[in-house]
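1. Requesting a structural model of the entry that follows:
(one chain, ligands or ions: 1)
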Amino acid sequence: MTHRLNGGCHCGAIALELTLPRPPEEEIVGACQCSFCRKHNARTVSDPRARVRLVLREPAELQRYRFGLAASEVVLCRRCGVYVAMLMVEDGRAWTTINIDALDERARFTRPAESRDFSGEALDGRLGRRKARWTPTELVGWPEEGG
Ligand SMILES: [Zn+2]
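-> Below is the predicted model:
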């Protein structure tokens, strides 16, 4: 049985649907230690058996932000400021890790957040790990990179 959760930014410009293979109460909650996530105190979820649809309803409101090794980018809403996801795109395929607090049912993620610090990782290792652990994602309505 899969569990579908809706979410997105606050104003509705960016929407997402997360389909989990297990209840949110059983999903591993990450506390990424990257400098961006720490400034948001973000809790994140990614699961290679899950699926995400990231729907850009208003393309003009998409804000992308890259930092560090720039192996991925942050997806933010330009209008309401919500941090929605971290996104990696390669060869037309996309993976995300989702900001749990951008989900309507954020309160169901009740496991304690596990600290994750990948700052010492080389770029090659980082890309491989993300493909293995992040959630395969369908980009809908995006200006480039398919969808
Ligand atoms: Zn918004």
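2. switch to C-alpha atoms for all contacts and neighbour counts from now on
-> Fine.
3. Contacts for the one helix or strand in the chain whose mean pLDDT sits lowest, please.
-> The least trusted helix or strand in the chain, going by mean pLDDT, DSSP states H and E, turns out to be helix 123-133, with a mean of 81. Outside helix 123-133, the residues that touch it by Cα atoms under 8 Å, 6 or more residues apart in numbering are 46-48, 69, 71, 95, 118.
4. and the residues you listed, which are buried?
-> For those, a burial check counting by 16 or more other Cα atoms under 10 Å picks out 46-48, 71, 95.
5. Now intersect these with the strands, please.
-> residue 95 (DSSP state E).
6. What segments of this protein are strands?
-> Assigned by DSSP E, the strands in the chain fall at 3-8, 14-20, 30-32, 44-45, 51-56, 62-65, 73-77, 83-90, 93-99, 114-116, 135-140.
7. Tell me what angle the fifth one forms with strand 83-90.
-> Between the axes of strand 51-56 and strand 83-90, defined by axes from the mean of the first three to the mean of the last three Cα atoms, to 10 degrees, the angle is 110 degrees.
8. circling back to that earlier point, check which residues of the least confident helix or strand of the chain are buried.
-> For helix 123-133, using 16+ other Cα under 10 Å, the buried residues are 126, 130-131, 133.
9. Could you identify the most distant pair in the residues you listed?
-> Largest separation among the buried residues of helix 123-133 by Cα to Cα: 126 and 133, giving 10.4 Å.
10. So which residues on the protein come close to the ion?
-> Proximity of the chain to the ion (Cα under 5 Å from the ion) is limited to residues 9-11, 13, 77, 80.
11. and if we set it to 6 Å?
-> For the chain, the residues in contact with the ion (Cα under 6 Å from the ion) are 9-13, 77, 79-80.
12. Give me the buried entries from these.
-> By neighbour count, with 16+ other Cα under 10 Å, the residues of the chain next to the ion hold 9-10, 12-13, 77 as buried.
13. Reformat these as a markdown table; add pLDDT.
-> Converted to a markdown table, those look like this (pLDDT from 0 to 100):
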| residue | pLDDT |
| --- | --- |
| 9 | 98 |
| 10 | 98 |
| 12 | 97 |
| 13 | 98 |
| 77 | 98 |
